[in-house]
Every structure is written in C-alpha cells, then in structure tokens.
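Trainee: sequence-free structure coming up:
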C-alpha cells in the first residue's frame, strides 16, 4: 500500500493564480481531511469529508474548495492564491468505525509559497 | 476554549540522554490523546494513543503518561538516538459524534546531537 500520497511536493504561485493540490489514499478510508501547518502553530483543519459526495468545512476554510467524487481522491483547490496561504499542506485519512480513536494517516505534505 | 499547549517549544539534548516533553490540555469532553512524531519534510506519524483510563503506555524507548485529573500528558524518550530528532505533536480528541474534533498542539522540536 502506498498509503496517503500528495502531489506536488513543492509549488510556487503568484498572487491570484489558482491551483489544485492532489491527495489520494489506497486504504479505503472513508474520512479524509486537509490541514495547513504554519510555524509556531498547530495543524489547522481546512476541509474534511466522511465519504464520497460529502464534504464539510473545518476551522480555516476560506479561500479553499474541495470535492470528493471517489473514496480514494480528495483534491484541494486554491481559487485565487494569496500570500497568507503560504504554508505546508497535509492530507490525512482514517477509517470511520470507532471514529475518534482511529489513527489518522498523513501524507508527506505539499510546501506552497505564494509570492 | 479547547486548547493544547506543549512545552518546551524546542529542546537540544546529547545522544544517549533522556528527555521529557509536556502537553497540557483544556479539552472537553475528552476522548483520547495521541502523540505524533513528525520528521523534517514528512507528515506526522502516530507514536501512541492514551485513553481516559490509561496512565502510562510504552512504545519502545517512548513512554507516554496521562493524568486526566490535571489534564497533563508527557512523552518520555529514553536513551535518545539521532533519529529521534523531529517534532513531537500532542493531539487531543474531543468527543463529538462520528467525526469528533481534533485539537493540535504546536509541537516540540527535539534535536539530538552526537
């Protein structure tokens, strides 16, 4: 199993550009989520999904869109990049089931810089 | 407000020495607490989970403790190795249905020097 994969690993954008961060998992996990990690702060939840066709907002959703057309894929779209979106982005997945005790599996991250 | 505070923010120790990382939380209702290890340039990986009824749990050279009364947890690393250099993140789960809520600490950065 590849686990959780993310592409690209690094990306530089200009202010106003749009792009999609890709995330895929091969563990058949129902729950997938996107976080951003900024220096000196804990990971913050952007959006999450409990299954195909179902998405919801997290703590910091503004400026980001998500969709979940399949169990495996959960792309994150930046609509109009801003310097405040410079961050490291992590995708994570876990099974539902016992839910809150289930371990989350994180991808390797995408380091995004917005100029 | 649900919060997770970790200390120290960073730590440098010599290889072979022990160290203890702290996590204080104000999360209600509490479900469980996980410690993650995050190597540079990688995603976090779970080290151990502590539930309400557990006081101590070991995973190799890592030992986690939980005091649910004082809302404190610690991660003790014994006989440190260079590969222990990483960020250690404390994550507390608040019980809330099937999705729940995870509150992340800001992490402690550990550097082990030869």
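Mentor: Yep, it's here. As the structure is a computational prediction, the values presented were derived from the model and not from experiment.

Trainee: Assess the claim that residue A:94 and residue A:48 are in contact.
Mentor: No - using Cβ atoms under 8 Å, residue A:94 is not in contact with residue A:48; the gap is 10.4 Å. C-beta here means a position set from N, CA and C on the backbone, and glycine is covered the same way.

Trainee: Residue B:21 and chain A: what is the separation?
Mentor: 15 Å (Cβ to the nearest Cβ, to the nearest Å).

Trainee: just to revisit the earlier point, give me the common contacts of residue A:94 and residue A:48.
Mentor: Taking Cβ atoms under 8 Å, 6 or more residues apart in numbering or on different chains as the contact rule, residue A:94 and residue A:48 both touch residue A:31.

Trainee: what's the spacing between the most centrally placed residue in chain A and chain B?
Mentor: When Cα atoms, centre = their mean is applied to chain A, the residue found nearest the centroid is residue A:34 (2.6 Å). Per Cβ to the nearest Cβ, residue A:34 is found 12 Å from chain B.

Trainee: what's the answer for residue A:67, then?
Mentor: Residue A:67 is 18 Å from chain B, by Cβ to the nearest Cβ.

Trainee: right, and that residue touches residue A:55 too?
Mentor: Yes - here residue A:67 lies in contact with residue A:55, judged by Cβ under 8 Å, at a distance of 6.7 Å.

Trainee: And the helices in chain B?
Mentor: With DSSP state H as the definition, chain B shows no helices.

Trainee: Show me which residues of it sit near chain A.
Mentor: Where chain B comes near chain A, counting by Cβ under 8 Å from any Cβ of the partner chain, the residues are B:4, B:9, B:31-32, B:34, B:41-46, B:49, B:51, B:89, B:93, B:95-100, B:102-107.

Trainee: If we use 7 Å, what do you get?
Mentor: B:4, B:31-32, B:42-44, B:46, B:49, B:93, B:95, B:98-100, B:104-106 (Cβ under 7 Å from any Cβ of the partner chain).

Trainee: Check residue 109 and give its pLDDT.
Mentor: If you meant another chain, say so; for now it's chain A. With respect to pLDDT, residue A:109 scores 97.

Trainee: I was thinking of chain B, sorry if that wasn't clear
Mentor: So residue B:109 comes in at 97 (pLDDT).

Trainee: Next, count neighbours for the residue lying closest to it once chain neighbours are set aside.
Mentor: What sits nearest to residue B:109 in space, not counting adjacent residues and going by Cβ to Cβ, 6 or more residues apart in numbering or on different chains, is residue B:10, at 4.4 Å. Close neighbours of residue B:10, defined as other Cβ atoms under 10 Å in any protein chain shown, add up to 11.

Trainee: Any figure for the gap between residue B:10 and chain A?
Mentor: Counting by Cβ to the nearest Cβ - residue B:10 and chain A are separated by 11 Å.
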